[in-house]
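K.L.:
Got a predicted structure plus its sequence, pasted below:
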Amino acid sequence: MLVRREVPADFSALGLLVYALDSAGEESNMSGFPYEGQFAINRTLPENGTDQDVVLSTLAAMSAAEDPVWESGQCSGTMYCGDHDHYDFLNLAFSQFSYVNSLQRDMCPSATKFEAEIIAMTLDLLGASSVRDTTPVGLVTSGGSGSIAHAVLAYREHHPTTGRPNIIKPETAHPAFSKAGHLFGVDMKIAPVDPATTQVDLEWVKANIDENTVALIGSACNYGYGTVDPIGELGALALEHDIGLHVDGCLGGFILPFGRELGYDIEPFDFAVPGVTSISADTHKYGYALKGTSVLCFADQALRNDQYFYLTDWSGGKYCSPGMDGSRSGGLLAATWAAMVHLGHAGYLRYAKEIFATTGAMQSAVREHPSLRLTGKPSFLFSFTSDEFDIYLVNDFLRSRGWRLNGQQYPNALHMAVTRPQTQPGVVERWQRDLADAVEYAIDHKDEAPKSGAIYGGVAGGPSEESDAIIKFFMADMMDKQSSIAS
């Protein structure tokens with residue numbers, strides 16, 4: 001039975017925040033149980049099973065109810081392709097191997113073909129032909145967090161230290177690095193970023209490298225602002241100190257190379273940059289594959305192999321695995337391979353051209369308003385804020401028009417990761433109209449507190465132990481509800 005927690009008394013000083021977070025949960029349908037009253041709730045196995053047609057019709061009804069949220073092109077990121085014909089094609093490819101465990105290569109040699117070619121194509125895209133003296137290799141993982149975790153593990157194993165190992169990452173780098181550090185006993189030194197460029201502070205990085213530093217991190221691009229860190233300078237520092245440099249291209253790895261080819265001003269970030277030793281790139285984002293795959297590329301086979309796991313004396317037989325997962329879906333490997341082979345260079349380039357043109361038009365709409373300001377040097381993803389009013393007032397209005405942007409804090413900002421759904425006819429024009437109306441609304445209501453600010457924006461006065469505790473409290477409650485049936 002799920003019991004709703006009571007807010008501890010010592011949180012009373014943040015009662016307003018508590019109320020706002022709690023109310024936000026109610027308004028965003030995070031309370032209650034999805035589809036309650038529409039479909040049966042299965043607390044136990046159905047006694048005699050359920051007819052296949054009933055099961056499939058239930059799934060179809062839920063899918064039909066949820067797809068319109070992103071099909072309009074008003075949702076930042078999340079759905080990177082948005083083409084149902086492409087999804088149907090990938091589902092067919094998946095179905096041919098949906099029951100296959102890619103662990104058993106003697107039974108399914110196709111998994112080796114799929115995985116090896118996925119890695120080879122990704123290495124080629126990311127400039128591995130520039131690598132000299134070592135053998136570039138890769139690993140297919142379960143997603144961006146998986147790729148990042150394996151990279152952190154590889155650097156810990158490859159660079160033995162006398163003390164607790166550490167990695168230096170920009171504050172803007174993905175939280176998965178901190179999660180991996182927590183799991184693997186690697187300290188994360190958080191480097192500040194320049195507030196104007198949103199790029200990592202190189203002088204801080206240089207000053208904080210010590211004898212236990214095993215790697216540096218740079219983003220291409222970072223999730224919050226869409227900016228690329230100075231990878232060339234980070235590479236030089238990595239070479240100087242004989243440590244690794246991981247480039248987090250989970251978001252940009254499959255689109256920034258094509259942006260550079262199209263002539264956009266994007267600094268080099270791949271293996272052609274001296275000092276880059278690994279790159280993560282998510283096939284399930286701008287690689288347009290099904291959810292659940294990413295590629296972690298290494299400039300040196302020795303670095304990858306150091307995170308292999310072996311247990312040679314187990315009574316159940318000799319055991320080894322290339323990564324943390326044991327069983328892996330043959331269907332996902334097949335579908336990822338199918339996406340890459342089907343689209344090819346020309347397909348990825350065509351989609352990138354449409355996306356960069358669309359993000360340019362959407363960014364121009366932001367620049368048309370003197371009260372708005374783009375942050376850093378955006379790419380396909382852009383972030384904007386205001387010095388005249390709380391930007392979450394703009395978010396409040398845009399939400400009423402069906403837009404779903406990503407919220408940022410410290411400072412408050414909004415970001416839009418442009419994907420293929422935004423390239424549909426009419427979306428840019430809708431953005432222009434709705435943004436203009438949202439700015440007018442924000443100016444008229446600038447003395448009011450935005451409704452969405454308490455959920456997504458920073459805490460007034462900055463973070464504190466008290467605000468951290470209450471936010472974690474509500475986050476835990478949210479996650480509890482996402483995996484439980486209320487009584």
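P.N.:
Thanks, I have it.
K.L.:
Work out for me the element residue 275 sits within.
P.N.:
Assigned by DSSP states H and E, residue 275 belongs to neither a helix nor a strand.
K.L.:
what sits against the closest residue to it other than its chain neighbours?
P.N.:
Spatial nearest neighbour of residue 275, chain neighbours left out: residue 235 (2.7 Å); criterion: C-beta to C-beta, 6 or more residues apart in numbering. The C-beta positions use only the backbone N, C-alpha and C, and glycine is treated the same way. Neighbouring residues of residue 235 by C-beta atoms under 8 Å, 6 or more residues apart in numbering: 245, 273, 274, 275, 276.
K.L.:
Reduced to three states, what does residue 235 come out as?
P.N.:
Using DSSP: H, G, I helix; E, B strand; the rest coil, the structure places residue 235 in helix.
K.L.:
Also residue 341?
P.N.:
Assigned with three-state DSSP, residue 341 falls in the helix class.
K.L.:
Would you quantify the distance from it to residue 475?
P.N.:
Residue 341 sits 40 Å away from residue 475 when distances are taken as C-beta to C-beta, to the nearest Å.
K.L.:
separation between residue 81 and residue 221?
P.N.:
Remark: distance between residue 81 and residue 221 (C-beta to C-beta) = 19 Å.
K.L.:
now, the most widely separated pair of the contacts of residue 235?
P.N.:
Pairwise distances across those (C-beta to C-beta) peak at 9.5 Å, for the pair 245 and 274.
K.L.:
Looking only at neighbour counts, state which of these two leads.
P.N.:
residue 245 (24 against 12; other C-beta atoms under 10 Å).
K.L.:
what about that one, which helix or strand?
P.N.:
strand 244-248.
K.L.:
partner strands of that strand, parallel or antiparallel?
P.N.:
Partner strands and pairing direction for strand 244-248 (DSSP bridges) are strand 213-219 (parallel), strand 278-281 (parallel).
K.L.:
Tell me which of the ones you listed is the most buried.
P.N.:
Most buried of the strands paired with strand 244-248 by mean neighbour count (mean count of other C-beta atoms under 10 Å) is strand 278-281; its value is a mean of 31.
K.L.:
Quick check: what element follows that strand along the chain?
P.N.:
strand 294-298.
K.L.:
Now that next one: average pLDDT?
P.N.:
Averaged across strand 294-298, pLDDT comes to 98.
K.L.:
Run me through the strand neighbours of that strand, direction for each.
P.N.:
When sheet partners are counted by DSSP bridges, strand 294-298 sits next to strand 137-141 (antiparallel), strand 278-281 (antiparallel).
K.L.:
Residues in contact with the last one: which ones?
P.N.:
Here strand 278-281 makes contact (C-beta under 8 Å, 6+ apart) with 122, 125-126, 144, 147-148, 151, 154, 220, 244-250, 252-254, 269-271, 287, 294-299, 303.
K.L.:
One more: the first one?
P.N.:
With C-beta under 8 Å, 6+ apart as the test, strand 137-141 has contacts from 115, 118-119, 122-123, 147, 150, 283, 293-298, 300-301, 304, 322-323, 325, 333, 336.
K.L.:
gap between residue 136 and residue 252?
P.N.:
Separation of residue 136 from residue 252 (C-beta to C-beta): 19 Å.
K.L.:
higher neighbour count, those two?
P.N.:
Between residue 136 and residue 252, residue 252 has the larger neighbour count (other C-beta under 10 Å), namely 27 against 23.
K.L.:
Please look at residue 303 and residue 153 and confirm they touch.
P.N.:
No. Under the criterion of C-beta atoms under 8 Å, residue 303 makes no contact with residue 153, lying 10.7 Å away.
K.L.:
hmm, back to that, residue 51: which of the strands paired with strand 294-298 is closest?
P.N.:
strand 137-141 (36.7 Å).
K.L.:
For the closest one, buried residues please.
P.N.:
137, 138, 139, 140, 141 (16 or more other C-beta atoms under 10 Å).
K.L.:
Likewise for stretch 383-403?
P.N.:
383-386, 389-399, 403.
K.L.:
between these, which is nearest residue 437?
P.N.:
Among the buried residues of stretch 383-403, and counting by C-beta to C-beta, the member closest to residue 437 is residue 397, at 6.6 Å.
K.L.:
which other helices and strands contact the helix or strand harbouring the closest one?
P.N.:
Using DSSP H and E, residue 397 maps to helix 391-400. Helices and strands touching helix 391-400, by 3 or more C-beta pairs under 8 Å, 6 or more residues apart in numbering; DSSP states H and E, are strand 413-417, helix 427-444, helix 453-456.
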